[in-house]
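Peer 1: make a model of this:
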Amino acid sequence: MSFSSTISITARVDREEVPAITVAVEMAAQAMKMAAEACPSITLRFEDPASPTDRANVAHVYLTTLLPALDAAAGSLADVERHWMRYLADLGETGATILLCNIFRHVRDRVLADGSAPLLGKIRELNLLAVTLSHRLGIQVADVDREMANIGARRLLSDYRQRSAIGSDAAGYAIAQCLLRGGFDAVVDPAILEAAQHHLGSFTSLPVLLDERARQRRAPAAAHG
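Peer 2: I've put the predicted structure just below:
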């Protein structure tokens, strides 16, 4: 099998998730660089998740997320499931690897703006849907919810929209894990991926990683202070 020298990733995500996706690609690239000097480079582009798939620029990996479904004026859960089955099947027809991110189950406002449905309950339904879609379509799920929940919303200063730097770091870590543990299998040498997973670390190292990234963000401000 021949492997690619450049990995293309297209992210079709909510704009709130752009920082987390950027962090994920940065972490995955850094881990592979530590694993092997001659590792592939990664290119990242973003597409509007509501737009048709750009068939002229098919990526190796598509990153997508259920967060837009949370805000969409969708019908029943069955309607949402049918929509996502069609949407993900269409992406799958490109031959690319599909990676679906679930949603962190923490909300500050526990009802929708119009008071019509519990927001937390809808997040739980969508996360269960992610598992169903994974089983039916053979796609991978990045368990953003688990990684962020293990750290805790209080420390992350974040809710389901990942509106904090440390929240984006935690979500990005979960996505980077998924990229290295299956997302890149078709384009990267398994030996590089195995070593990169080791460098990225297990969950036990995530708190240390979050502290280090927070320290790096504070350093420029301290230098100019």
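Peer 1: element containing residue 186, please.
Peer 2: For residue 186, there is no host helix or strand (DSSP states H and E).
Peer 1: residues in contact with it?
Peer 2: 60, 97 (CB atoms under 8 Å, 6 or more residues apart in numbering). Using the backbone N, CA and C atoms, a C-beta is placed for each residue, glycine as well.
Peer 1: what's the pLDDT at it?
Peer 2: pLDDT for residue 186: 91.
Peer 1: so residue 100, which state does it fall into?
Peer 2: strand (DSSP: H, G, I helix; E, B strand; the rest coil).
Peer 1: quick one, what contacts it?
Peer 2: For residue 100, the contacting residues are 64, 65, 66, 88, 130, 133, 134, 139, 140, 141, 142, by CB under 8 Å, 6+ apart.
Peer 1: apart from its neighbours in sequence, what residue is nearest the last one?
Peer 2: If I follow you right, that is residue 142. residue 178 (4.0 Å; CB to CB, 6 or more residues apart in numbering).
Peer 1: same deal with the fifth one?
Peer 2: Counting by CB to CB, 6+ apart, the nearest residue to residue 130 once its immediate chain neighbours are dropped is residue 102, at 4.6 Å.
Peer 1: can you check the first one too?
Peer 2: Leaving aside its chain neighbours, residue 64 sits nearest to residue 12 (4.7 Å; criterion: CB to CB, 6+ apart).
Peer 1: in this structure that neighbour contacts residue 66, no?
Peer 2: No - with contact defined as CB atoms under 8 Å, residue 12 does not count as touching residue 66 (11.4 Å).
Peer 1: any idea how far the residue nearest the centre of the chain is from residue 207?
Peer 2: Nearest to the mean C-alpha position of the chain, by CA atoms, centre = their mean, lies residue 175 at 4.1 Å. Distance of residue 175 to residue 207, given as CB to CB, to the nearest Å: 18 Å.
Peer 1: ok, back up a step: for the residue nearest to residue 64, phi and psi?
Peer 2: Torsion angles at residue 12 (phi, psi; degrees, to the nearest 10) stand at phi -110, psi 90.
Peer 1: any idea how many residues pack against it?
Peer 2: Using other CB atoms under 10 Å, residue 12 is surrounded by 21 other residues.
Peer 1: of the contacts of residue 100, which is the most crowded?
Peer 2: Neighbour max across these (other CB under 10 Å) = residue 142, 29 neighbours.
Peer 1: can you list the low-confidence ranges for the chain?
Peer 2: 1-2, 72-74, 109-117, 202-204, 220-225 (pLDDT under 70).
Peer 1: what is the three-state secondary structure of residue 158?
Peer 2: Going by three-state DSSP: residue 158 is coil.
Peer 1: need the contact list for it.
Peer 2: 104, 106, 148, 164, 166, 167, 168, 170.
Peer 1: are any of those buried, and which?
Peer 2: Among the contacts of residue 158, those classed as buried by 16 or more other CB atoms under 10 Å are 104, 106, 148, 166, 167, 168, 170.
Peer 1: quick revisit: okay, and which of the contacts of residue 100 map to helices?
Peer 2: Judged by DSSP state H, the contacts of residue 100 include 88, 130, 133, 134 as members of helices.
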